[in-house]
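A.B. asks: based on what follows, work out the 3D shape:
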Amino acid sequence: MNTPAEIRNIFGANLLVLSKDYESVTALALELGINRTQFNRYLSGESFPRPDVLARICDFFKVDARILLEPLVTEESESSYSSLAPFVNDYFVSGRRRLPEDVFPSGFYKFSRRSFIEPDLFIIGLVFVFREDQNTFLKGYETSTAVRMQSLPTTREVREFRGIILQQEEGIAIIASRKRAMTSSFNYLHRVASFDNNFWVGYITRTVPESPVDLRVTRLVYEYIPQNTASVLQAARAKGFYTIDQLAPFHRRLLRPDVQFA
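C.D. replies: The predicted structure is shown next:
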């Protein structure tokens, strides 16, 4: 998400869903050890809990950091992640080629790449990777600034993109799209040696006609960040446009901005 206010609103809506099976909010707040007035502020999106209180809430409801950045999955939304048609299942999402966790683990990733819109700037973003049945999926949101520069509405629906991740012989492929296939992209990544073995590098292509001036393909870096509240919030708040000098050194090294993509 782009702002702390958006994160508070999503958290509040998710907390409301989690609380609906309890007859008394007062009793629930008491069981959680949270002041009733403060709990109501969480529900309304006016306030956000301290990390220790957030951890207590997550432990109580048996949920994870996803409640910060995306609505809880309902039966209706789960159906949107069903398998593809039988004709292509064995080629794209076959259970026999399920992407192993040790190859590309579930969780939050920070990514960086050159901007297609402003080639002198670089984008830092955040995506969430998760498993559903035999498939591996990806979900994220473009920044409001990015969609505004494309003369598009900045609504949550327009900014959201989803993708499916496929295992390749030497890496992974991601096919991602916005709702109703408004825009799509193809991504390829392979793991690179790093201290925590948590970096992938490759490229991203966008689905636009060939042009002598417009950028259609550029290098892409994924970093698997620590899966805790503080790290996820920090990465969410850092989304946006940056100069190359503002990128983290290892991201800058992998993007090789002075070397033409080939």
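A.B. asks: now the helices for the stretch 101-250 of the chain?
C.D. replies: 144-149, 156-159, 229-237, 249-255 (DSSP state H, counting those that start in this stretch).
A.B. asks: and those helices: which comes nearest G33?
C.D. replies: Closest approach to G33 among those is made by helix 229-237 (17.8 Å; C-beta to C-beta). Yep, even glycine has a C-beta here, placed from its N, CA and C like the rest.
A.B. asks: check the helices of the stretch 101-250 of the chain for me: which has the lowest mean pLDDT.
C.D. replies: Sorting those by mean pLDDT places helix 144-149 lowest, at a mean of 79.
A.B. asks: would you indicate which residues of that helix are buried?
C.D. replies: 144, 146-147 (16 or more other C-beta atoms under 10 Å).
A.B. asks: so which of the helices of the stretch 101-250 of the chain is nearest Y42?
C.D. replies: helix 229-237 (14.1 Å).
A.B. asks: got the buried residues for that closest one?
C.D. replies: So for helix 229-237, counting by 16+ other C-beta under 10 Å, buried means 229, 232-233, 235-236.
A.B. asks: with stretch 55-73 instead?
C.D. replies: Buried residues in stretch 55-73, counting neighbours by 16+ other C-beta under 10 Å, are found at 57-58, 61, 65-70, 72.
A.B. asks: ok, stretch 166-184 next?
C.D. replies: Buried-residue list, stretch 166-184, by 16+ other C-beta under 10 Å: 166, 171-174, 176, 178, 183.
A.B. asks: for stretch 29-47, same thing?
C.D. replies: 29, 32, 34, 39-43, 45.
A.B. asks: for the residues you listed, give me CSV that also has secondary structure and pLDDT.
C.D. replies: Output for the buried residues of stretch 29-47, formatted as CSV (DSSP: H, G, I helix; E, B strand; the rest coil; pLDDT from 0 to 100):
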residue, secondary structure, pLDDT
A29, helix, 88
L32, helix, 91
I34, coil, 92
F39, helix, 88
N40, helix, 84
R41, helix, 85
Y42, helix, 87
L43, helix, 84
G45, coil, 80
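A.B. asks: the residues you listed: which two are farthest apart?
C.D. replies: L32 and G45 (17.7 Å).
A.B. asks: isn't G202 up against S185?
C.D. replies: No: using C-beta atoms under 8 Å, G202 is not in contact with S185; the gap is 11.9 Å.
A.B. asks: packing partners of the longest helix anywhere in the chain?
C.D. replies: Longest helix in the chain by number of residues, with DSSP state H as the criterion: helix 4-19. When contacts are defined as 3 or more C-beta pairs under 8 Å, 6 or more residues apart in numbering; DSSP states H and E, helix 4-19 packs onto helix 36-44, helix 229-237.
A.B. asks: distance to E160 for those - can I get that in JSON lines?
C.D. replies: Shown next, in JSON lines, are those (distance: least, C-beta to C-beta, whole Å):
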{"stretch": "helix 36-44", "distance to E160": "24"}
{"stretch": "helix 229-237", "distance to E160": "14"}
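A.B. asks: what is the least confident helix or strand in this protein?
C.D. replies: Within the chain, no helix or strand scores below helix 75-78, which has a mean of 44 by mean pLDDT, DSSP states H and E.
A.B. asks: strands of the protein, start to end?
C.D. replies: Assigned by DSSP state E, the strands in the chain fall at 107-114, 122-132, 135-141, 160-167, 172-178, 184-192, 199-206, 217-224, 240-242.
A.B. asks: residues touching T229, list them.
C.D. replies: Shown in contact with T229 (C-beta atoms under 8 Å, 6 or more residues apart in numbering): 51, 54-55, 65, 68.
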